[in-house]
Structure formats: structure tokens, C-alpha cells
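Peer 1: After the sequence you'll find the predicted model.
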Amino acid sequence: MRSLMKENIDRLIEILKEQAQVFLLDAKEFYPFGTCINKENEIVPVSAYWENDNPPSQPLIDLLEKHFKQGIENGDYKIAGIAIDGLQRENNFTYDIIEIRFFETDKEVYKKYFKYEIKEHSVEFFENSL
């Protein structure tokens, strides 16, 4: 039997991929965003905003990380994740990737990576072992 936390991780990954797909099909890229599962087991999308329309990604990531770390520490969230659009070079090829940073109680922040390919009406994700 799968653990409840494993189910929450898988659920969070699927939600983040679905959200990323919407952004990628629309704009071919996205700003960092997050989602969490709160203590009531509800999915809560979270985004960070900056003063201008074209902010650098790192301040947004910093805001999301601070928010999620605090929410985990306070017991407001069971698990949270930040999705970050990026590139990976491998064997002289460059791939689009989504990095997901996970926040859980009593755990260090950890990451998973998924290569992706934008199709006409969908985005195909491939788990990556960076």
C-alpha cells in the first residue's frame, strides 16, 4: 500500500505539470509558481508577484520558498512544491526542463527534474535523473 505522503507527492507533481502545460502552450515558458496541499487536504495554487511585468526569476523563487517554508513550519501545509522553468545541457544538446522543489515537514528541500517537449496541443514530460 502506498503511503499517504507518496500519494500527495504524486498528486502535487501532476498538478504542477498541468499548470506548467497551460503556461507552456500559451507562452512557451513560465515564471516560477507553486502549489501546496494544505492541512485540510485541499490543493492551493500559489504565485508570487513583483513590481514590474518582467521580473527576474530568483526573487520570485525566494518569495515562494519563504512562504512555503513558513507554511510547513506552521503546520498550514502538508507538502508544497515550486515549479521552475529551465534548461539542461547534455551531450551537446540543450533540453527544456521543469525543476520541482519540494517542501515537507522534517525534511530538507529536495528537487525532481522533468524534461519536456511542447507539442501542438500538449506538453510531454519525461522524468530526468539529474
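Peer 2: Done, it's in. Residues are numbered from 1 along each chain as shown.
Peer 1: all contacts plus neighbour counts: C-alpha atoms, from now on.
Peer 2: Fine.
Peer 1: Identify the residues contacting the nearest residue to residue 33 once chain neighbours are set aside.
Peer 2: Of all residues not flanking residue 33 in the chain, residue 47 sits nearest, at 4.8 Å (CA to CA, 6 or more residues apart in numbering). Residue 47 makes contacts with 32, 33, 34, 64, as judged by CA atoms under 8 Å, 6 or more residues apart in numbering.
Peer 1: For the first one, which non-adjacent residue is closest in space?
Peer 2: Which is residue 32. In space, residue 32 is closest to residue 84, 4.7 Å off (CA to CA, 6+ apart).
Peer 1: buried stuff in the helix or strand harbouring that neighbour?
Peer 2: For residue 84, the host element (DSSP states H and E) is strand 77-90. Neighbour-count burial for strand 77-90, with 16 or more other CA atoms under 10 Å as criterion, is recorded at 77, 78, 79, 80, 81, 82, 83, 84, 85, 86.
Peer 1: And for stretch 5-14?
Peer 2: So stretch 5-14, judged by 16+ other CA under 10 Å, has buried residues 8, 9, 12, 13.
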